[in-house]
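S.K.: The following comprises the amino acid sequence and a computationally predicted model.
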Amino acid sequence: LSLQQGKHIYVCPGGMASAKEAAANGAKVLLLDFVKPSNQGTKWGLGGTCVNVGCVPKKLMHYAGHMGSLFKLDSGPYGWELGQIKHDWDKLVNTVQSHIHSLNFSYTVGLRSSKVKYINVTYYLKGDKTKEVDVTGKYILIATGCRPNIPEDVEGAKELSITSDDIFSLKKAPGKTLVVGASYVALECAGFLNSLGYDVSVAVRSIVLRGFDQQCANKVKTFMIEQGVLFLDGILPKKLTKETNGQIKVLFSNGNTEIYDTVLYATGRKGDIEGLNLQALNINMDKNSNKIITDKYSCTNITSIFAVGDVSFKCPELAPVCIKAGEILARRLFKKSNEIMDYTYIPTAIYTPIEYGSCGYSEESAYATFGKENVEIYLQEFNNLEISKDDFDIDIGSTCLSKLICLKNQENIVIGFHYVGPNAGEVTQGMALAIKLKVKKSDFDTCVGIHPTDAESFMNLTITLSSGLSFAAKGGCGGGKCG
């Protein structure tokens, strides 16, 4: 295939949105996409990480685990009499994969209707040419995303462990599982596996959910411990060996050994640039993360080559951010738009057994950026109405935490929103819009809550962290007041 100078190449799975937006604005677009197999040989279809091995299958499995937890935890007090609950891993995987395949098909149809030329090939950049497809183009967009990183210094790890690239299509039930890492991917996988009934341990190097608000992160950890997840703090694998029965023996840094059926590594991700030949073009890279350095226009140091999404050093590793950045880039190149991607106040949710949603600054980053003396924090811990330890025979702490981080010297404008509790993603999305519109604490105070919900707690926050008073709610109906 040969394209004339002045036409346009998009190299990505995650760049679909940009490709379609460019085509909608008159560009002739070629989309090159090829999934390199994981270390265990797992491959997937069109759509990128989120659809195939990320947020979509993750949330479906989280939902399946949550369903099991509700049956075990809540059914009796609400009058349900259930026999022994048994989970079928194979059926879950088939359901998840069927949904993914339907999305793969819809994306193929969408590209065709958008008049984007799609070719499933490997490639590398060499001037203005690729290895297997001979093309020239005015613009090249690299949106190849990230892949899980397995450390080289742990003997047997690459050969015997799996990653999030593999877990959602695993052909046999994972059984007793060791999750290595404390990222949101690690805790989400550990959470749904535990909720599905598997024995799960998490090996943590230092802290959980690095970069997130640590009060909230530790509340998530505490809840998971209460649900039966074992955390191995400061203990990491040194060597993995395969037993004759197929199980994996793990030698830990403390000298202990343990046998597992599955070892899942979730120790961070690196840019998927292997084989792209970027060094030949002298494209600026961050060597630690293998990510491409871009300016505020998503442009590399070569004016005709751009990068968006996870492979861009600037971009948070979130699918909606990649989509938005790709669309904005396409409109700027082909629609004469002046819009620039804004990476501040990006909302996100973590689908652990008790969910966590956030937007803006954490307590730690607010102190570091604005000074502790300029920051005021309003917060409350309380029990979700439907799952209350006062009414149920369960050994858990308060289920929810609501937290607003404000700037005292700017009329208590809200710069950080944090919520640990059920439906965190749904709660956080609307709050993110308020924060983007520069909401103040006084706006929350004058807003009427919806009763009885967990989200209404944000309309009733009166205790500050600096006061030293207890922020644990006494009584009440979920996040609200009952009189």
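M.R.: Right, received. Where do you want to start?
S.K.: From here on, just use CA atoms for contacts and neighbour counts.
M.R.: Will do.
S.K.: give me the number of residues near the closest residue to Ser358 other than its chain neighbours?
M.R.: Spatial nearest neighbour of Ser358, excluding adjacent residues (CA to CA, 6 or more residues apart in numbering): His418 at 4.5 Å. His418 has 30 neighbours, counted by other CA atoms under 10 Å.
S.K.: Pull the residues that contact stretch 45-59.
M.R.: For stretch 45-59, the surrounding residues in contact (CA atoms under 8 Å, 6 or more residues apart in numbering) are 13-14, 16, 33, 35, 44, 96-97, 100-101, 103-104, 107-108, 145, 164-166, 168, 188-189, 319, 351.
S.K.: redo that, cut-off 7 Å
M.R.: Pro13, Gly14, Trp44, Val96, Ile100, Asn104, Tyr107, Ser164, Asp165, Phe168, Ala319, Tyr351 (CA atoms under 7 Å, 6 or more residues apart in numbering).
S.K.: just stretch 286-294 next, same as before
M.R.: With CA under 7 Å, 6+ apart, stretch 286-294 has contacts from Lys270, Gly271, Ile273, Asn284, Met285, Thr300, Ala307, Val311, Ser312, Phe313, Lys314.
S.K.: of all those residues, which two lie farthest apart?
M.R.: Lys270 and Thr300 (17.9 Å; CA to CA).
S.K.: which of these two has more neighbours?
M.R.: Thr300 (21 against 18).
S.K.: For that one, which residues are in contact?
M.R.: Contacts of Thr300 (CA under 7 Å, 6+ apart): Ile283, Ile293, Thr294, Phe306, Ala307.
S.K.: tell me the phi and psi of it?
M.R.: With angles defined as degrees, to the nearest 10, Thr300 sits at phi -80, psi -170.
S.K.: Find the residue ranges of the stretch 151-300 of the chain scoring beneath the pLDDT cut-off.
M.R.: Within the stretch 151-300 of the chain, not a single segment meets pLDDT under 70.
S.K.: would you list every one of the helices in it?
M.R.: 157-160, 164-167, 184-195, 214-226 (DSSP state H, counting those that start in this stretch).
S.K.: What of the stretch 301-450 of the chain?
M.R.: Going by DSSP H, counting those that start in this stretch, the stretch 301-450 of the chain shows helices at 319-334, 363-370, 424-436, 441-446.
S.K.: Would you mind listing the buried residues in the shortest one?
M.R.: Read it as helix 441-446. For helix 441-446, the neighbour count (16 or more other CA atoms under 10 Å) marks Lys441, Phe444 as buried.
S.K.: name the helices or strands packed onto it?
M.R.: Judged by 3 or more CA pairs under 7 Å, 6 or more residues apart in numbering; DSSP states H and E, helix 441-446 has no packing partners among the helices and strands.
S.K.: same question, the longest one
M.R.: Taking 3+ CA pairs under 7 Å, 6+ apart as contact, the helices and strands that helix 319-334 lies on are helix 16-24.
S.K.: okay, the angle between the helix it packs on and helix 319-334?
M.R.: 20 degrees (axes from the mean of the first three to the mean of the last three CA atoms, to 10 degrees).
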